[in-house]
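A.B. asks: Quick one, fold the following:
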Amino acid sequence: IKANRANLYGGWLAERLSRELPIEPARELFEGLSSGVKRTEAVAPLRERVVRYERSQVGCRVENLPEEVMRELQAGRYVLIDFWASWNHDSQVRARELAAMTDRFGDADLKICRISMDNSREQWLSAIEGDPTAWIQLNGELCELAIESLPVSYLLSPQGKIVVCAESVDGLSKALEELF
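C.D. replies: All right, here's what the predicted structure looks like:
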């Protein structure tokens with residue numbers, strides 16, 4: 001790739017290889033390409049992945065959120081967005097942990113929004129039957145946040161800025177303890 005960083009073959013190779021890599025090494029591949037190659041259609045999926053990752057860092061303001069989330073932020077609440085899927089066992093465990101966390105921190109200043117990545121509406125509806133009704137439940141809503149694995153959660157401030165991104169509830173709990 002280094003030898004071909006300034007031509008389309010290097011861009012194509014970087015994009016193909018990056019599909020199998022975590023975001024940091026994929027980002028390094030992208031950064032190693034020439035500026036002209038970075039703008040080509042051949043590396044568009046990699047470029048979009050890197051941009052989404054960069055927009056998903058702590059302190060960044062998130063744009064293009066679902067309307068239900070925007071209403072909560074405008075009301076001055078923190079919003080925890082949890083991306084999950086019914087077929088993912090860790091996502092089901094996460095739901096129980098989030099319920100316990102909601103009991104612990106209350107829901108006056110914190111709203112939970114779970115966004116399912118399921119393709120099947122029936123599987124999604126079946127999976128949310130036992131979830132607290134106060135949660136915002138969405139299926140397939142997309143926003144600019146990076147989703148490299150499931151489950152993953154983003155805590156947003158009332159200003160729509162990322163406070164924390166966490167794959168574990170422990171990371172979320174620590175952030176919430178500091179806030180509340």
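
A.B. asks: For the protein, give me the ranges with low pLDDT.
C.D. replies: Within the chain, no stretch has pLDDT under 70.

A.B. asks: got the residue ranges for the helices in it?
C.D. replies: Under the criterion DSSP state H, the chain carries helices at the ranges 8-18, 23-31, 35-38, 44-54, 67-74, 89-105, 121-127, 169-179.

A.B. asks: okay, those in JSON lines with mean neighbour count and distance to residue 161 next?
C.D. replies: For every residue, glycine as well, the C-beta is placed using N, CA and C. What follows is the helices of the chain, written out as JSON lines (neighbours: other Cβ atoms under 10 Å; distance: least, Cβ to Cβ, whole Å):
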{"stretch": "helix 8-18", "mean neighbour count": "19", "distance to residue 161": "28"}
{"stretch": "helix 23-31", "mean neighbour count": "16", "distance to residue 161": "20"}
{"stretch": "helix 35-38", "mean neighbour count": "15", "distance to residue 161": "27"}
{"stretch": "helix 44-54", "mean neighbour count": "16", "distance to residue 161": "14"}
{"stretch": "helix 67-74", "mean neighbour count": "15", "distance to residue 161": "10"}
{"stretch": "helix 89-105", "mean neighbour count": "15", "distance to residue 161": "19"}
{"stretch": "helix 121-127", "mean neighbour count": "15", "distance to residue 161": "28"}
{"stretch": "helix 169-179", "mean neighbour count": "15", "distance to residue 161": "13"}
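
A.B. asks: Reformat those into JSON lines and put distance to residue 156 next to each item.
C.D. replies: Putting these into JSON lines (distance: least, Cβ to Cβ, whole Å) gives the following:
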{"stretch": "helix 8-18", "distance to residue 156": "28"}
{"stretch": "helix 23-31", "distance to residue 156": "20"}
{"stretch": "helix 35-38", "distance to residue 156": "29"}
{"stretch": "helix 44-54", "distance to residue 156": "16"}
{"stretch": "helix 67-74", "distance to residue 156": "7"}
{"stretch": "helix 89-105", "distance to residue 156": "15"}
{"stretch": "helix 121-127", "distance to residue 156": "22"}
{"stretch": "helix 169-179", "distance to residue 156": "11"}
